[in-house]
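[1] Could you look at this predicted model? Sequence included:
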Amino acid sequence: MSDTPKHGFDTLQVHAGAAPDPATGARQTPIYQSTAFVFRDADHAAALFNLQEVGYIYSRLTNPTIAVLQERVATLEGGAGAVACSSGHAAQIMALFPLMQPGCNVVASTRLYGGTIQQFSNTIRRFGWSCKWVDFDDTDALKAAIDDDTRAVFCESIANPGGYITDLDVIAGISDEAGVPLIVDNTSATPYLCRPFEHGATIVVHSTTKYLTGNGTVTGGMVVDSGKFDWSASDKFPSLSQPEPAYHGLKFHEALGPMAFTFYGIAVGLRDLGMTMNPQGAHYTLMGIETLSLRMQRHVENAVRVANWLERDPRVEEVTYAGLPSSPYHDRMARICPHGAGALFTFAIKGGYEACVKLVDSVELFSHVANLGDARSLIIHSASTTHRQLTPEQQEAAGAGPNVVRLSIGIEDPDDLIADLDQALDKATA
Ligand SMILES: *Cc1c(COP(=O)(O)O)cnc(C)c1O
């Protein structure tokens with residue numbers, strides 16, 4: 001079946017990109033555990049290497065199992081093409097790679113996953129790239145931060161861990177005006193809850209490790225391109241608009257149009273950086289995506305139940321979840337993620353840092369892990385773990401202050417989750 005837009009999301013999450021295996025009739029997508037693929041003849045090999053024909057050469061670049069996953073995610077996001085990567089962090093580097101050069105910067109929201117704040121603050125400097133941090137609710141500051149060397153604007157649709165929803169329509173308008181692409185990390189929302197391209201985003205990145213796989217089994221990432229950005233409108237993106245020396249002088253945008261960014265990611269990015277997903281991992285993620293909408297509905301329902309219960313509890317100071325009417329971002333939810341605000345939120349408890357540590361040590365059903373988007377409910381005290389390397393100011397800005405605990409609500413029976421938090425809060429605040 002091809003990804004014809006007439007099909008609904010629930011159909012596409014099961015079928016898009018896949019067909020019965022032509023060699024065996026296998027109904028499920030086989031795991032093509034093969035490093036290399038035999039050329040029909042020398043002409044076929046030459047056509048593949050020239051990007052004149054699409055096919056399989058070597059699994060660092062392309063693989064049939066991974067190709068199905070790429071097409072499935074691209075279809076669910078409404079994009080032109082996608083590149084699978086070995087992790088969400090790899091996907092972020094792969095998204096920036098075609099855009100950046102030494103001396104260039106990315107303007108990013110202060111409300112990001114802790115690991116991304118680290119990657120953008122320190123590691124990308126080794127490539128000669130830099131990041132400018134802005135509160136994306138301060139649109140004047142955002143406009144002022146974008147300069148002649150800016151090559152991308154970066155944010156999360158639903159930001160982790162602060163219960164924040166980015167006004168993608170507004171941010172995309174500002175990025176457009178400045179002639180730079182907007183990259184949206186859609187990990188916490190998934191395309192079921194939010195479709196950033198419908199709000200003007202250029203590129204979507206995912207950690208497929210989280211909800212897309214959905215059961216905490218494999219790490220993976222995805223870069224999806226809308227195919228709509230005009231890479232040749234300025235001289236800012238020479239890798240895509242000018243002859244590419246790393247690819248025998250090919251002009252990617254001229255030759256490949258809306259697939260330029262995706263082909264560059266495969267033909268140069270995966271070829272030379274090698275941050276490739278493996279076929280076994282792709283298989284697990286495909287299995288997860290088949291039930292994405294069903295799981296997200298339950299994740300959201302449970303999160304709303306638990307957040308409402310916590311908000312009324314005297315041991316709790318504050319719950320930050322856009323799914324609650326009390327949230328300042330509740331109105332944005334209806335526009336940006338109409339199926340719900342996700343299943344990830346934070347709450348502050350009385351007793352500060354010490355009480356939080358006691359709480360994570362007292363839960364029995366929740367697992368104390370540095371992950372999110374699992375079928376199991378998870379808990380973490382960000383300030384002592386994922387956000388430990390950040391300054392107190394960065395922690396506060398990211399919604400990860402010392403008295404704040406983050407929950408990733410799973411798909412279990414919500415009464416059991418509430419009972420577990422109840423007994424743990426008793427111990428933590430005794
Ligand atoms: C987990 C996560 C990442 C990083 O993904 P990995 O697969 O762990 O490399 C990036 N962004 C968000 C929002 C995440 O939750």
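    Sure, I can see it.
[2] Break the chain into its domains for me.
    What the record gives for the chain is the domain set 9-288, 292-428, from automatic domain parsing.
[3] So which of the ones you listed is nearest the ligand?
    domain 9-288 (2.2 Å; C-beta to the nearest ligand atom). (Glycine included, C-beta is placed from N, CA and C.)
[4] Could you confirm whether the closest one reaches the ligand?
    Yes. Using C-beta under 6 Å from any ligand atom, domain 9-288 comes into contact with the ligand via 87-89, 113, 115-116, 156, 160, 185, 187-188, 207, 209-210, 219, 221.
[5] Just the helices from the stretch 201-350 of the chain, written as ranges.
    Secondary structure of the stretch 201-350 of the chain by DSSP state H, counting those that start in this stretch: the helices cover 238-241, 252-256, 260-264, 271-273, 279-289, 292-311, 330-336.
[6] ok now the fourth one, how far from the chain's centre?
    Taking the mean C-alpha point of helix 271-273 and that of its whole chain, the gap between them comes to 21 Å (C-alpha atoms, centre = their mean, to the nearest Å).
[7] contacting residues around that helix?
    For helix 271-273, the surrounding residues in contact (C-beta atoms under 8 Å, 6 or more residues apart in numbering) are 60, 61, 93, 94, 97, 246.
[8] Can I take it that the second one is in a helix?
    Right, residue 61. No. Residue 61: not assigned to a helix; according to DSSP: H, G, I helix; E, B strand; the rest coil it is coil.
[9] Could I get the domains of the chain in TSV, plus columns for mean pLDDT and mean neighbour count?
    What follows is the domains of the chain, written out as TSV (pLDDT from 0 to 100; neighbours: other C-beta atoms under 10 Å):
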stretch	mean pLDDT	mean neighbour count
domain 9-288	96	20
domain 292-428	94	19
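[10] picking that back up, quickly check the residues of domain 9-288 next to the ligand for the two that are furthest apart.
    Across these, the longest distance by C-beta to C-beta is 18.1 Å; it joins 156 and 219.
[11] returning to that earlier point: give me the subset of the residues of domain 9-288 next to the ligand lying in strands.
    Within these, residues falling in strands by DSSP state E are 156, 185, 207, 221.
[12] which one of the residues you listed sits closest to residue 416?
    Residue 416 has its nearest neighbour among these in residue 207, at 27.1 Å by C-beta to C-beta.
[13] from what I can see the closest one touches residue 218, true?
    No. At 10.9 Å, residue 207 does not count as touching residue 218 under the criterion of C-beta atoms under 8 Å.
[14] Let me see the contact set for residue 90.
    Residue 90 sits next to 221, 275 when contact means C-beta under 8 Å, 6+ apart.
[15] Kindly recompute the last result at 10 Å.
    Listed by C-beta atoms under 10 Å, 6 or more residues apart in numbering, the contact partners of residue 90 are 83-84, 205, 207, 219-223, 269-270, 273-277.
[16] Ends of stretch 147-164, what's the gap?
    26 Å (C-alpha to C-alpha, to the nearest Å).
[17] then stretch 98-112 to CSV, C-alphas only?
    The C-alpha atoms that make up stretch 98-112 are tabulated as CSV, following Å, rounded to 0.1, in the frame of the first residue of the first chain:
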residue,chain,number,x,y,z
PRO,A,98,23.2,20.0,6.0
LEU,A,99,22.5,23.6,7.3
MET,A,100,25.5,24.6,9.4
GLN,A,101,29.1,25.5,8.8
PRO,A,102,31.7,26.7,11.2
GLY,A,103,30.7,30.2,12.6
CYS,A,104,27.0,29.5,12.2
ASN,A,105,24.5,29.4,15.0
VAL,A,106,21.1,27.8,15.9
VAL,A,107,18.6,29.8,17.9
ALA,A,108,17.0,27.4,20.4
SER,A,109,14.2,27.6,23.0
THR,A,110,15.4,27.5,26.7
ARG,A,111,12.7,24.8,27.2
LEU,A,112,14.4,21.7,25.9
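[18] Off-centre distance for that stretch?
    That offset, for stretch 98-112, works out to 16 Å (C-alpha atoms, centre = their mean).
[19] go on, stretch 312-319?
    Computed by C-alpha atoms, centre = their mean, the chain-centroid distance of stretch 312-319 equals 30 Å.
[20] can you list the residues that contact it?
    By C-beta under 10 Å, 6+ apart, stretch 312-319 touches 163, 306-311, 326-327, 345-352, 355, 359, 403-405, 407, 418, 421-422, 425-426, 428-430.
[21] thinking residue 62 is in contact with residue 282, fair?
    No. Using C-beta atoms under 10 Å, residue 62 makes no contact with residue 282, being 11.6 Å away.
[22] any common contacting residues for the two?
    Between them, residue 62 and residue 282 share the contacting residues 70, 84, judged by C-beta under 10 Å, 6+ apart.
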